[in-house]
Each structure stands twice: as structure tokens, then as C-alpha cells.
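Asker: fold the following, please.
(2 chains)
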Amino acid sequence: MVRSRRSLAAKWMLLVLIAFSMLLPLAWMALCGFKRDLDVLKTPFAVLPQVWEWHNYTAMLHDRQYMTAVGLTMVGAVIFTALSIAVNALAAYAFARLEFPLKRVLWVLCIMPMFVPAMSILITSFVVVSKLHMLNTLAVLIIPGVASAAQMFFMRQFFLGMPTAVEDAARIDGCSRWRIFLKIFVPNSGAVFVVVGIISYMAYWNAYVWPILTISNPTLQQIMPVLANFLDDRGPQYGQLMAASTLAALPTIVLLLVFQRHIVAGVRLSGIK
Amino acid sequence: MPTTQATTPRKRLGSVTAEVVEAGTPERRSSSANREERRTAYLMLAPMVVLLGIFVVWPLVYAFKQSMYQGNFYKAPVFVGLSFYKYVLTDPGFYQSLKVGGYYAVIVVPGGMLIALLLASFIKTLGARMASFMKTTVYLPTVVSAVIASVLFRLIYADQGLANWLLGVVNLGPKNFLGNASMVIPAVAVPGIWLGLGITTLIMLAGLLDIPESYLESAQLDGAGFLQRTWYITLPLLKNVLLYLFVTGLVAAFQEFLLPLLIANGGPVNASTTPNLYIFNQFRSATPYAMTFSITASLVLFIVLGTISALVFRLIKSEKAVDA
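Answerer: Numbers count the residues shown, from 1 in each chain, chains lettered A, B, ... in the order given. Just a heads-up that it's a prediction; the model follows:
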């Protein structure tokens, strides 16, 4: 009894220690957002700000360039996520449940992109989208990344594990494949859609290289390039830089915390098979 | 009459009727059903196949073609065969970047895996609530982008930043992390490990949970300590997971370029120019053949890394087959 209580206390201490060291950089960033520029570097330890400078955060919220980028990136990320789930789920269902000629060939074609590093086709992708006159449009940020081999593969694994009994019954009742997909598979795939949705959203929100290559129009700037520019433009304004970084990390962190249960459920479901 | 004999039982059997009818004309029925299913399948696959065709296959094929043509956006390309592959393979800058990438990967992958193994072993001993808290905590840095991590760690590594303050506490004095060629890669590796830890830990945890508890219990009864149990039972049984994480991690780490670009800008003097950053810089440089050169270099890298991972995955697969 005593021993188990002592080990529990040790566990709690270890837990706090690990949590502290994992989250230290993030917490420091958020707190620096409240500091005066000089305090960020001069007195790192005063961990807490000597003067709480709310101005850094409110300045970012009133910064037009920054807020436009935030809004636009969010809109793009939502459209991207929805399209990505739709396109990949349809393909995943076809591969999981339907039989058709050339299935193997198409499977290899659809799974191959998992092994192509983004960098090796970055330059020619740029040439391709410029040939398609997509540069400096919202479409160039959204469309090229929508079809994802990894997402499709993940959903197919899950669909393969869905029981066939309900589907067979629906087939006998004369239900078409489309209806089966929409009325049986989609409503039962919430957890999996959440997982792939968060991955898509994060990928879009955090993108840096593709936007800096394809967007030069300042009204279409995405959040990460804007933030990286701050790094050089606002060098000495450390407080604002940290506030901007914190705000830019917030949406994905909130998303993770809100959907955290579903993520675990989704991973577990597709793991059971 | 044969026809009535055939129809009456059909009516009586009700739901079976459909099958009987189908059995009567099997070929016609199934082929029309197949045609329907085929059409549905192709319609469902169409968006995926079209998009991948335009945005992955086309650029890839185009890259292979382009690597054999000398040219840029403004001049008509000239066929030069494989000579750009020769230029890439004899360029000292390319090999220097391979060394840098290798050094970075050698720190990030084993370092990250070791920390992840310890974290996962710890999480496994926790109750449900603490475990889920811990999983979220470990996973949180993963959602932070490389850009934000770079902004953050550039300040942490500043002359009077957090890192130097911590060193000052243990009297190791201030260090110029990002201005020192021998220190810049380890310095960039720290955020690299921090960002990747979440997913590695969760995959390892899944692997640990698959190990039958009875193995570990019986070893404990025989007097094996934590380290012995880890070395003789956990690690061998985790082999496939570890191999998977090692290869995917190595291939990913080798391609890292955002962190070194944004934290150290490849410097000092190329000390943090990883292969992809090298390729990226080549592309941005103003030399007339920059495009062909960087495309060729990225294809060389793709072929090397692709071959390595294909070989190792083949290895894992064949071992699994033996196990089963």
C-alpha cells in the first residue's frame, strides 16, 4: 500500500516533469508574447513577464496583413480538408469494396505517390501549375494536394474492416453502391474522417514552401509565409513576433484538443481491422 | 407442364426467387451487375486518378524528361542526355550536403527513438486518465509547424536566449549555437526531435501494447529487471516497429530542410545545408542551368532514398511472412 502510493507520487512527478519539458518551448513562446521586446531576451528568467504587455497580442489582432492571412488560410484549409476527405474516401471505398478490371494497376498508381518526396517534384509541379495558369490563385494552394495516397490508404484500411453484413442486406434490397457509401459508410466513419481531416487541415495550415513558390500576390498570402517574413522584418520586435507565432499555432492546437478523443478512437478503430 | 413446375416453387419460396431467377440466366445478369459496379468504381476513382495524374505523375515524368534537357524558362531546351547526372554526382557541394543530411538524421532518428521508447514505456505504466493526458502532451508539439518552431528556436538560441541562460546556470558559459559550424546541426536537431516525438511515441506505444503481458510478467518472476526485460523481450518483439520507424524517420530526416533554412539559413558556410536545402538553394540561384541541375539532384536523391526504403520494407515484409 505504502509502496504503491510512493510509486504513484513518483509517477506524478515524472509526468509533470515530462509535460513541463515537452511544453516548455510552447509556454515560453506564449509568455514571451506578453513581454516587452527587450524583456524577451534580456531577462529570460523572469519566466513571467515583468510587465504584462497585452498590446503585442492586440496589435497582431489589428494587423491587417496578418489577420487577412489568418482568415484566408482558414478558408483555404476548410475547403482543402472537405475536398480531401471526399476525393480520398470515394477512392478508398472503391478499392475496399468494389471489383473492377485494372484494379491492381490503378491501386499501384494511387499508392505510388506515398513514395515520391515532395521535393523531387516541387520544381516541375511549379512548372505544371504555371502551365495550367493556376499561379496566384486560391486553387493552386488547394487543388494540387487534395488527392493523397496516405489518406486514401488509411481510409481503405478502415473500410476493409467494416462488417459486410449490413452492406449485403442493403445490396439485396436493391441499394446502389452510391447509396451504400453515403448512407452506411459515411455516417459510420466519423472518427476516421476526423483523423484524416485534422491531418489535412494541419498540412494546409502549416504549409510554407508551396505558398511561397506559387503566391506572389500579397492579398493571397498564407499564414506561415507571413510569419516567416516577420522573422526578418520584425526582428527586434520580439514580443510581437512571439505573439504572432502563438496565435498562428493556436488553431491547430485547439483543433487537436477538441478532437483528441476522436483521434484516439479513430486510430484504434483502424488498428483493430 | 415444365413451366408451371418451375414457377410454382419460385412463388412459394418468396425471397429466394431472385436467386433462382439469377441462376436461370447467370451470364446476362452478372455481366450487367458487373458493368454497373465497374462504372461506379471508375466514377469514384476518377477524381483521385485525375488529380494524381496531373499533380504527381505529370510532374514526375516531366522531371525525368527535364533532367535530360539543358534549359530554363526562357531558352529552348537542348537534349543533353545524362550529363546533368554526371554534374550532380561530381559536385562537391552535393556530397557536402549529403554529409550534413546524414549527420542530422543520425542525431534526430536514434535520439528521437530513444526518447520516444522511454516515453512510451512510461505511458504504458499509467492509468487511463494519466495516459491520455500524457499522450496529448507528447503529441502537442507535433501540431506546431516547422515555421513556428523555427521562429521560437531562433530566439531560444539567441546570445541571451533560453538555451544560454540554462547553460549559464550550470556554468558552461554562453555559446554561439548558430554561428558555430560544429554546433549548428545538433542545435537544429533539437527542434527536429521535439516536433517528431509525438507520432513516434504513439506508434511505439501501440507496438508496446501488442506485446503479451505474460511474457514480461514471467520474466519479472524470473528476476529480470526493467533494463533486462527491455533488452531481451521488448526490443526483439518491437523489432518490426523499430525498423519501420527507423527507415521512415531516416528518409524523412534526411530530407529536412525547413528547420535549417529558417533557423540557420544553411549556414554558417553551408554547415547546415541539408540535401533538400541545397537543391532548393540551387533552384533559387541565378545560374542559367539552375533548374535542370536542381531537378536532377532531387531525382538522384529520390532514387537513392527510394531504393533504401524499398529494400528495408521488403526485409520487414519477408520477416513478417516467416513469423506468420
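Asker: just give me the neighbour total for residue 38.
Answerer: By default, I'm working from chain A. Using other CB atoms under 10 Å in any protein chain shown, residue A:38 has 11 other residues around it. (Glycine included, C-beta is placed from N, CA and C.)
Asker: think we crossed wires, I meant chain B
Answerer: 16.
Asker: quick check: next helix or strand after the helix or strand hosting it?
Answerer: Element membership of residue B:38 [criterion: DSSP states H and E] is helix B:26-52. Where DSSP H and E defines the elements, the next helix or strand beyond helix B:26-52 is helix B:58-66.
Asker: who touches that following helix?
Answerer: Applying CB atoms under 8 Å, 6 or more residues apart in numbering or on different chains, the contact partners of helix B:58-66 are A:116, A:120-121, A:123-125, A:127-128, B:77, B:291-292, B:295, B:298-299.
Asker: quick one: which two of the residues you listed are the most distant?
Answerer: Greatest spatial distance in the contacts of helix B:58-66: A:116 and B:77, 22.9 Å, computed using CB to CB.
Asker: quick one: the helices in chain A?
Answerer: Remark: helices assigned in chain A by DSSP state H are A:2-32, A:37-42, A:55-62, A:64-97, A:103-111, A:118-131, A:138-142, A:149-160, A:165-172, A:177-180, A:190-205, A:209-214, A:223-233, A:238-272.
Asker: quick one, which of the contacts of helix B:58-66 has the minimum pLDDT?
Answerer: When the contacts of helix B:58-66 are sorted by pLDDT, the bottom entry is residue B:77 at 74.
Asker: quick check: it vs residue B:70, distance?
Answerer: 6 Å (CB to CB, to the nearest Å).
Asker: residue A:195 against residue A:262, yeah?
Answerer: Yes: here residue A:195 reaches residue A:262: they are 7.3 Å apart, a contact under CB atoms under 8 Å.
Asker: of those two, who's got more company?
Answerer: Between residue A:195 and residue A:262, residue A:195 has the larger neighbour count (other CB under 10 Å), namely 24 against 17.
Asker: separation between the more buried one and chain B?
Answerer: According to CB to the nearest CB, to the nearest Å, residue A:195 and chain B sit 12 Å apart.
Asker: next: residue A:113.
Answerer: With distances taken as CB to the nearest CB, residue A:113 is found 5 Å from chain B.
Asker: contacts only, for that residue.
Answerer: With CB under 8 Å, 6+ apart, residue A:113 has these contacts: A:147-149, B:52, B:56.
Asker: residue A:185 is in contact with residue A:166, correct?
Answerer: No: counting by CB under 8 Å, residue A:166 does not reach residue A:185; the two are 9.8 Å apart.
Asker: quick one: which of those two has more around it?
Answerer: residue A:185 (21 against 14).
Asker: pretty sure that one contacts residue A:163?
Answerer: No: applying CB under 8 Å, one finds residue A:185 not in contact with residue A:163, separated by 11.4 Å.
Asker: who's more crowded, residue B:77 and residue B:70?
Answerer: residue B:70 (19 against 14).
Asker: residue contacts, the more buried one?
Answerer: Neighbour list for residue B:70: B:77-78, B:80, B:84, B:289, B:292 [criterion: CB under 8 Å, 6+ apart].
Asker: for chain A, which spans come out with low pLDDT?
Answerer: For chain A, the stretches with pLDDT under 70 are A:1-3, A:42-47, A:235, A:263-273.
Asker: centre-most residue in it?
Answerer: residue A:202 (1.4 Å; CA atoms, centre = their mean).
Asker: how much space separates it from chain B?
Answerer: For residue A:202 relative to chain B (CB to the nearest CB), the value is 6 Å.
Asker: so that residue touches residue B:143, yeah?
Answerer: Yes: the criterion here is CB under 8 Å, and residue A:202 meets it with residue B:143 at 5.9 Å.
Asker: spit out the residues that contact the two alike.
Answerer: Contacts common to residue A:202 and residue B:143, judged by CB under 8 Å, 6+ apart, are A:252, A:255.
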